[in-house]
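Here is the input, now give the coordinates:
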Amino acid sequence: MATLAEFRAQYPQYDEVPDVKLADSLHQKFYSQIPKIDFYKTIGLGSAALIPGAENVVTKPAPEVSLRDRIMGVIETPLAIGATALSGLPVYLAGAGGPEFQRKVAEQIQYRPRTQTAQEALKTIGQGVEALKLPPIISGGMGASLNALAGPAMQQAGAIARPVVNQAVAPVRNALANVMTREQPAMQGMGAATTQEDILRAERAQRQNIRLLKGEQQQNLGQLQFESETAKNFPETLGKPLLEAKAAQKTDILNRMDRMAEETGAKGALSDSESYRTLGNLIDKELVSAYEAKKKKVDLAYQKARDANETKAIVDTQPLDDYLTSLAAEAISVPEINSIKAKLNAFKELKNGQVTVDDIESIYQIANKLGKPGETSGKYMKDIRNVLDQVSEGAGGDLYKAARTQRRELANQFDDNFRVAELLGTKAGYADRKVALDDVFKHIVLDGSKEQMQNVAVLLKKAGPEGRQAWSEVQGQTIQHMKDQLTKPASGELSFAKLKTTIDNLDREGKLTYLFGKNGRDQIIDLRDTVKDALVKPPGAVNYSNTASAMVRFFDTLEKTKLPFTSMAAETARKASLGKKVEEAVNFNALAPVQQNQNALRIDLTGMANGKK
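Below you'll find the model as predicted:
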């Protein structure tokens with residue numbers, strides 16, 4: 001069935017008959033079996049004909065497209081595409097002033113083609129660009145702009161000019177079809193509005209002074225795909241700003257960790273082994289000093305008790321005899337048990353079976369030396385010391401009791417504290433340290449429990465200014481260790497997985513809070529989450545061709561058409577469209593567009609007030 005315009009072109013004698021009247025006559029005479037509204041749509045009249053006052057409208061056919069118009073149209077088409085692409089960003093930004101202001105800006109700076117052929121071609125291309133569903137900042141509203149440039153005359157003359165123009169723009173239409181028919185993955189819209197989650201991510205990153213790309217702030221799959229793909233495919237051109245932004249982001253992250261280490265008061269937190277050895281030396285020095293000072297006080301207390309003859313009292317050793325006898329089997333593999341038994345018997349033989357408080361204290365010191373932390377001997381020697389305390393309980397005078405209390409404190413803080421005893425101890429039969437100085441940090445912070453770490457911390461903090469500085473170095477080295485894990489890959493890339501494992505392990509037992517306080521712990525968790533936003537991409541966001549390549553395919557295919565100047569126009573449009581998208585990705589701030597959102601709301605409300613829905 002011919003359209004109304006085609007009918008008028010074939011029968012010019014009806015040119016003065018209004019559209020509705022002519023359509024009603026044709027419907028009544030030839031197509032009465034078709035519902036009138038469907039007939040209107042079929043002949044191109046549509047529901048607009050039912051609007052009051054439209055009954056006298058006459059749509060006249062457009063004049064025949066001349067050969068000159070066809071040639072000029074082919075020339076105008078690529079020029080108009082390039083000009084529209086270049087004007088896209090100003091037109092898009094002008095939207096902040098409202099639709100009417102945006103329209104006026106577009107009229108002033110956009111090139112309007114004069115020929116019928118160019119207008120039809122621009123309409124076809126504009127529909128194709130809009131079908132790509134690219135956000136305005138990518139296309140600059142190019143699809144809508146090209147459609148607008150096609151002009152109202154196209155609606156009237158389309159039926160007459162379409163066959164000729166279709167032939168001229170067929171390569172362009174084919175290029176668009178080739179792009180649009182390729183399967184695209186379902187994903188969140190690239191132009192999604194800023195959400196509360198976006199704002200929280202942006203605020204968190206801002207507190208850390210770490211820059212995030214737009215996709216990383218929004219965690220938008222389509223935007224992340226664009227950023228990853230553009231940086232990968234165009235590293236020297238369009239993707240270069242993205243690569244530079246990622247390099248700056250890496251610097252931000254590492255600088256943030258350096259600042260956190262400095263805030264602990266540490267002076268020597270470095271990643272090299274010498275730094276760990278220096279820390280080990282410092283801790284060892286402070287612990288040894290603290291132990292020696294404490295032991296000196298204990299020795300003085302015992303000497304006062306001896307001088308007062310309070311350690312000469314006879315004690316009953318039956319509990320110790322019974323316990324040693326019960327360990328006869330264990331003594332085969334733990335010879336230290338027999339050493340204690342032999343010493344006890346020697347004292348008895350020397351004093352006709354009698355054992356004094358002094359003798360018990362001597363056996364106590366021997367048991368303390370024989371027990372090795374972390375080994376079976378350490379367990380049994382500790383049990384023997386406990387039995388010795390029972391044997392001497394209540395014996396002697398006040399001075400002896402005070403000395404014994406101080407000795408128990410020394411044992412609790414150093415001898416019976418596994419982490420501390422290991423640090424102070426040496427390997428059996430050797431002068432070598434049980435824990436190498438390089439491994440002191442690992443021994444205290446990473447391997448031990450929170451309580452064991454606290455024991456070391458308390459001793460250092462009570463040791464005076466140098467001891468407190470040693471603990472600050474432990475805190476700073478903890479941050480440095482996190483940084484070392486983040487930068488561990490030899491490729492130079494950052495490893496979020498290793499950082500996360502380190503932080504989560506420390507946080508699981510409450511070590512982070514003890515090391516840095518609640519506020520410091522929260523800052524570290526914020527850092528972890530911001531690094532995740534920056535480095536971790538959801539499935540499909542990396543190495544998946546989508547938005548950027550769709551645009552590139554469109555422009556590449558357009559370059560291959562036979563239209564004059566198309567290659568230049570396509571290249572210009574490519575740079576303008578992708579360049580604007582890249583610029584926004586680098587400079588986007590989810591905290592900034594609040595005012596824009598308010599303007600958009602104001603415009604919508606104004607539209608509603610004017611009766612628009």
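
Show the average pLDDT along the longest helix seen in the chain.
Ranked by residue count, the top helix of the chain under DSSP state H comes out as helix 273-307. Average pLDDT, helix 273-307: 87.

That one packs against which elements?
Applying 3 or more Cβ pairs under 8 Å, 6 or more residues apart in numbering; DSSP states H and E, one finds that helix 273-307 contacts helix 398-410, helix 418-424, helix 440-441, helix 450-461, helix 465-486. Placement of C-beta: from N, CA and C, glycine included.

Any idea which of these gets closest to G374?
helix 418-424 (6.4 Å; Cβ to Cβ).

Relative to whatever helix or strand comes next after the longest helix of the chain, what are the paired strands and their orientations?
Sequence-wise, the next helix or strand downstream of helix 273-307 (DSSP states H and E) is strand 314-315. For strand 314-315, the paired strands and their directions (DSSP bridges) are strand 355-356 (antiparallel).

contacts for the partner strand?
For strand 355-356, contacts defined as Cβ atoms under 8 Å, 6 or more residues apart in numbering pick out T311, K312, A313, I314, V315, T317, L344, F347, K348.

hmm, which of the residues you listed are the buried ones?
Buried members of those, counted by 16 or more other Cβ atoms under 10 Å: T311, A313, V315, T317, L344, F347.

wait, isn't the third one in contact with V357?
It refers to V315. Yes. With contacts counted by Cβ atoms under 8 Å, V315 reaches V357, the gap being 6.1 Å.

Quick check: neighbours shared by those two?
Joint contacts of V315 and V357 (Cβ under 8 Å, 6+ apart) are S392, A395.

Give the rounded mean pLDDT of stretch 212-225.
Mean predicted lDDT for stretch 212-225 stands at 92.

distance between the ends of that stretch?
Length of stretch 212-225, first residue to last, Cα to Cα, to the nearest Å: 15 Å.

residue boundaries of the helices in the stretch 151-300 of the chain?
153-180, 196-208, 214-218, 221-233, 240-263, 273-307 (DSSP state H, counting those that start in this stretch).

among those, which is the most enclosed?
helix 214-218 (a mean of 25; mean count of other Cβ atoms under 10 Å).

Residues in contact with it: which ones?
192, 194-195, 198, 201-202, 205, 220, 223-227, 533-534, 541, 584-586, 588-590.

cool, stretch 304-311 as well?
Y302, T356, V357, D358, E361, G396, G397, D398, L399, Y400, A402, A403.

which residues does the fourth one contact?
When contacts are counted by Cβ under 8 Å, 6+ apart, D358 touches R306, T311, K312.

Kindly present these as CSV, with separate columns for distance to K250.
Listed next are these as CSV, based on distance: Cβ to Cβ, whole Å:
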residue, distance to K250
R306, 66
T311, 67
K312, 72
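
Return the member of those nearest to M381.
T311 (21.7 Å).

Name all residues that make contact with K351.
Going by Cβ under 8 Å, 6+ apart, K351 touches D359.

G353 - how many residues pack around it?
Neighbourhood size, G353 [other Cβ atoms under 10 Å]: 11.

The closest residue to R408 other than its chain neighbours - how many residues pack around it?
With Cβ to Cβ, 6 or more residues apart in numbering as the criterion, R408 has its nearest non-adjacent residue at 7.5 Å, and that residue is D389. D389 is flanked by 15 other residues according to other Cβ under 10 Å.

Quickly find the element holding D389.
According to DSSP H and E, D389 maps onto helix 376-392.

And for that helix, what's in contact with it?
Against helix 376-392 from outside (Cβ under 8 Å, 6+ apart): 315-317, 319-320, 323-324, 327, 330, 333-334, 336-337, 340, 357, 360-361, 363-364, 367-368, 370-372, 404, 408, 411, 416, 421.

ok, now with 7 Å
By Cβ atoms under 7 Å, 6 or more residues apart in numbering, the surrounding residues in contact with helix 376-392 are 315-317, 319-320, 323, 327, 330, 334, 336-337, 340, 357, 360, 363-364, 367-368, 370-372, 416.

pretty sure A367 contacts I340?
Yes. Between A367 and I340 a contact is recorded at 5.9 Å, counting by Cβ atoms under 7 Å.

Model confidence for I479, exactly?
So I479 comes in at 95 (pLDDT).

Report the contact partners of it.
So I479 contacts M257, M260, A261, T264, A269 (Cβ under 7 Å, 6+ apart).

Could you check the angle the longest helix of the chain makes with helix 398-410?
For helix 273-307 against helix 398-410, the angle by axes from the mean of the first three to the mean of the last three Cα atoms, to 10 degrees is 160 degrees.

Outline the domain layout of the protein.
Domain segmentation of the chain under automatic domain parsing yields 4-56, 67-184+548-609.

lowest-confidence stretch among those?
Lowest mean pLDDT within the domains of the chain: domain 67-184+548-609, at a mean of 56.

Spatially nearest residue to D198, not counting backbone neighbours?
Nearest to D198 is A590, by Cβ to Cβ, 6+ apart, at 4.2 Å.

hang on, the earlier thing: now render the contacts of strand 355-356 as TSV, adding distance to I51 and pLDDT.
What follows is the contacts of strand 355-356, written out as TSV (distance: Cβ to Cβ, whole Å; pLDDT from 0 to 100):
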residue	distance to I51	pLDDT
T311	117	87
K312	122	88
A313	119	87
I314	122	91
V315	116	89
T317	116	91
L344	116	93
F347	120	91
K348	122	90
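
V58 is in what secondary structure piece?
Short version: V58 belongs to no helix or strand, going by DSSP H and E.

List the residues that contact the closest residue to it other than its chain neighbours.
With Cβ to Cβ, 6+ apart as the criterion, V58 has its nearest non-adjacent residue at 5.4 Å, and that residue is P18. Contacts here follow Cβ under 7 Å, 6+ apart; on that basis P18 touches E55, N56, V57, V58.

Next up, the contacts around the last one.
Listed by Cβ under 7 Å, 6+ apart, the contact partners of V58 are E16, P18, D19.

is it fair to say the first one lies in a helix?
No. Secondary structure of E16, determined by DSSP: H, G, I helix; E, B strand; the rest coil: coil, with no helix assignment.
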